[in-house]
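Visitor: Just the structure for this:
(one chain, ligands or ions: 1)
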Amino acid sequence: MFWRFSFFLAWQLAGGGLGWWQGGAWGAAVGAAVAAWIWFFLDLLRGVRMLRWLRLGDMAHAPAMRGMWGEAVERTRRLVRRQEDRAQESQDRLQEILAALQASPNGVVLLDREGRIEWCNQMAATQFGFDAQRDAMQSIRNLVRDPEFSAYYAAQDYAHDVVIEGRSSTPSRPVRISVQLHPYGDGRSLLLSRDITALEQAEAMRRDFVANVSHEIRTPLTVLMGFVETLQTLPLNAEERSRYLGMMAQQASRMQSVVQDLLTLSRLEGSPLPGMGEWTAVPVLLQRCEEEGRALSALLTQSQQRSHDLQFPDLSAPEVALDIAGSLPELQSALSNLVSNAVRYTPAGGRIEVRWQPQNDGGAVFSVRDTGPGIAPEHIPRLTERFYRVDRSRSRETGGTGLGLAIVKHVLQRHGAALEIVSVLGQGSTFSVRLPASRLRCSSGAPLNSGPAGS
Ligand code: ADP
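Guide: Next comes the predicted model:
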């Protein structure tokens, strides 16, 4: 400032001096005035240049000026640069936040004061069927037409969520979305949505399961209580008492089987997966299946003239000389279960054939084929559900709990194996267990060579 003032004075003096030299005292006054006007005009020009530069906003091409105006240009340039950097930083930050919201497994929608969509993530777009670009600034009330949501939005009580149907919901595959609004700032709101289909299904399954367990236990318990009351109140002879006690033992054993199967299931769910360290000889497994199958068949057909025609694999055959990795009790219970089901559901005189077939890929198939009543196609996908029975009375008569195939499926899953069911109503069923090559080895301990193995 001091230099500028000094320079102005020097300029005035120079103008005044030049005027004095030309025209005396008057000349000096005119010279100083002209110098001031020239100074003013040049200043004005520089101001105009700076203003034009500021209006254009082209920070890269700042006007080259010195002195006070040069400094003003430089400082303005730095100020603008700093603001630009800050704006860029805020922009980057915003993009990061939006990317984080985009990565959220839940739907996120930002609404303005009028309930118009300012932004939504891909998950929300999928759940509500929005188009993130096309539907921007559209009212959420117009886009989400579910009456439950409309009532929730209108009531303005956002303390709880509301559950609505997802856009992709169909009667066969319902999709349920939990939606909650969270007001923030000056009247804006954040809408969060969550797919709770699996949660609701799990809850329904839990309810069904508890109801089923209660039913399975309560029925024999009621019968048992009836017998106890009879024994307590009626004067029975020894023969009658023993008959009643026999029936009571039957009911108690039914309850015991249900509890045992439930415990087995819960143990399977809670225990770690069977490793590859424990090997069992396949002939041992098959022999136990045979023993159990024959014993059960003898028991069930003892009062009848005919028995079952039971066929089991030749345990000395080379294709059986294998070891299988996994838990022996689990595998044993799964395979025996299939054999015992075939025996239980096939009437006396029927044929049951158990086979062990090595596969070309190195795996093997254990199958149980019977000539029993067969199963209608609509039941087959549901057979491994807990307590699902096609023939309720036959299942109970033969001591079934409705949990057998659920246990089989669980055990097989734990061993990387799969259950396949083929059945024709009135002709019979085949239950096959497909065991992976990774869990089999030759009895010698050598790994299996995959290749034709005489399937
Ligand atoms: P359960 O203890 O009742 O036998 P499972 O889970 O073992 O229960 O089997 C489920 C249902 O599948 C049975 O109730 C029965 O109706 C049907 N089922 C199973 N195996 C056979 C079979 N070999 N032949 C006909 N029906 C079968």
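Visitor: Could you pull up phi and psi at Ala364?
Guide: phi -150, psi 160 (degrees, to the nearest 10).
Visitor: next one: the one 10 residues further on
Guide: Gly374 adopts backbone torsions of phi 70, psi 170, taken as degrees, to the nearest 10.
Visitor: Can you point out the helix or strand that includes the closest residue to the ligand within the stretch 101-250 of the chain?
Guide: Taking CB to the nearest ligand atom, the ligand has its nearest neighbour within the stretch 101-250 of the chain at Glu216, 10.6 Å off. Backbone N, C-alpha and C define where each C-beta goes, glycine included. Element membership for Glu216 (DSSP states H and E) is helix 197-233.
Visitor: what about whatever helix or strand comes next after that helix, average pLDDT?
Guide: Once helix 197-233 ends, the next helix or strand along the chain (criterion: DSSP H and E) is helix 238-270. Mean per-residue pLDDT for helix 238-270: 92.
Visitor: after helix 238-270, next one along is what?
Guide: Heading C-terminal from helix 238-270, the first helix or strand you meet, by DSSP H and E, is strand 279-281.
Visitor: Residues contacting that following strand, please?
Guide: 322-326, 328, 331, 441, 443 (CB atoms under 8 Å, 6 or more residues apart in numbering).
Visitor: Give me the helices and strands touching the very next helix or strand once past it, please.
Guide: Counting by DSSP H and E, the element after strand 279-281 in chain order, helix or strand, is helix 282-301. Under the contact definition 3 or more CB pairs under 8 Å, 6 or more residues apart in numbering; DSSP states H and E, helix 282-301 sits against strand 309-311, strand 322-325, helix 328-345, strand 351-358.
Visitor: what about helix 282-301 and the ligand, any contact?
Guide: No - Helix 282-301 is not in contact with the ligand by CB under 6 Å from any ligand atom; minimum separation 11.9 Å.
Visitor: Can you list the buried residues in that helix?
Guide: 282-283, 285-286, 288-290, 292-294, 296-297, 300-301 (16 or more other CB atoms under 10 Å).
Visitor: Figure out how far that helix is from the centre of its chain.
Guide: From the chain centre to the centre of helix 282-301 is a distance of 41 Å (CA atoms, centre = their mean, to the nearest Å).
Visitor: Show me what the single longest helix found in the chain is packed up against.
Guide: Ranked by residue count, the top helix of the chain under DSSP state H comes out as helix 2-56. Under the contact definition 3+ CB pairs under 8 Å, 6+ apart, helix 2-56 sits against helix 67-103.
Visitor: Now for Glu165, how many residues are close by?
Guide: Using other CB atoms under 10 Å, Glu165 has 14 neighbouring residues.
Visitor: That one contacts Arg173, doesn't it?
Guide: No - using CB atoms under 8 Å, Glu165 makes no contact with Arg173, being 11.3 Å away.
Visitor: just to revisit the earlier point, the longest helix of the chain relative to helix 67-103, how many degrees between them?
Guide: With axes from the mean of the first three to the mean of the last three CA atoms, to 10 degrees as the basis, helix 2-56 and helix 67-103 are set at 40 degrees to each other.
Visitor: Quick check: Leu190 is in a strand.
Guide: Yes - counting by DSSP: H, G, I helix; E, B strand; the rest coil, Leu190 is found in a strand.
Visitor: Return the residues of this protein in contact with the ligand.
Guide: Checking the chain against the ligand by CB under 6 Å from any ligand atom, the hits are 341-342, 345, 370, 372-373, 375, 383, 388-391, 395, 400-406, 429.
Visitor: I'd like to know which of those residues are buried.
Guide: 341-342, 345, 370, 372-373, 375, 383, 389-391, 395, 400-406, 429.
Visitor: In strands only, show me the residues you listed.
Guide: 370, 429 (DSSP state E).
Visitor: List the ones among the buried ones among the residues of the chain next to the ligand that fall in helices.
Guide: 341-342, 345, 395, 404-406.
Visitor: tell me which of those is nearest to Ala25?
Guide: Taking CB to CB as the measure, Ala25 lies nearest Ala406 of those, at 120.8 Å.
Visitor: The nearest residue to Met276 once chain neighbours are set aside: how many residues sit nearby?
Guide: Distance criterion CB to CB, 6 or more residues apart in numbering; nearest residue to Met276, sequence neighbours excluded, is Ala325 at 4.6 Å. For Ala325, the count of nearby residues is 20 (other CB under 10 Å).
Visitor: ditto for Ala136
Guide: Around Ala136 there are 13 residues (other CB under 10 Å).
Visitor: Return the residues in contact with it.
Guide: Shown in contact with Ala136 (CB under 8 Å, 6+ apart): 117-119.
Visitor: Would you mind writing the ChimeraX command to select the buried ones in the residues you listed?
Guide: The ChimeraX command for the buried members of the contacts of Ala136 (criterion: 16+ other CB under 10 Å) is given here:
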select :117
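Visitor: Tell me how far whatever residue of the stretch 251-400 of the chain ends up closest to the ligand lies from Ser340.
Guide: Relative to the ligand, the nearest point of the stretch 251-400 of the chain is Gly400 (2.6 Å; CB to the nearest ligand atom). Distance from Gly400 to Ser340, counting by CB to CB, to the nearest Å: 9 Å.
Visitor: now do Val390
Guide: 16 Å.
Visitor: For the stretch 1-150 of the chain, give me the ranges with low pLDDT.
Guide: Counting by pLDDT under 70, not a single residue of the stretch 1-150 of the chain qualifies.
Visitor: For the contacts of Ala136, give me TSV that also has secondary structure.
Guide: Below are the contacts of Ala136 laid out as TSV (three-state DSSP):
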residue	secondary structure
Ile117	strand
Glu118	strand
Trp119	strand
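Visitor: want to try JSON lines for the contacts of Ala136, with distance to Ser271 as columns?
Guide: Output for the contacts of Ala136, formatted as JSON lines (distance: CB to CB, whole Å):
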{"residue": "Ile117", "distance to Ser271": "49"}
{"residue": "Glu118", "distance to Ser271": "50"}
{"residue": "Trp119", "distance to Ser271": "47"}
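Visitor: Tell me the one among the contacts of Ala136 nearest to Leu44.
Guide: Using CB to CB, these come closest to Leu44 at Glu118, 46.8 Å.
Visitor: Roughly how far does the closest one sit from Gln138?
Guide: In terms of CB to CB, Glu118 sits 10 Å off from Gln138.
Visitor: and if you look at Asp261?
Guide: Counting by CB to CB, the gap from Asp261 to Gln138 is 55 Å.
Visitor: dump the residue contacts of the closest residue to Glu118 other than its chain neighbours.
Guide: Among residues not flanking Glu118 along the chain, Leu110 sits closest, at 4.5 Å (CB to CB, 6+ apart). Applying CB under 8 Å, 6+ apart, we find Leu110 in contact with 117-120, 188, 190-191.
Visitor: And the furthest pair within these?
Guide: Cys120 and Arg188 (13.6 Å).
Visitor: Quick check: the residue nearest to Met276 touching Leu331?
Guide: No - between Ala325 and Leu331 there is no contact under CB under 8 Å: 9.6 Å.
Visitor: quick one: contacts for the nearest residue to Arg46 once chain neighbours are set aside?
Guide: Ranked by CB to CB, 6+ apart and with sequence neighbours excluded, the top spatial neighbour of Arg46 is Trp69, at 4.4 Å. When contacts are counted by CB under 8 Å, 6+ apart, Trp69 touches 43, 46-47, 50.
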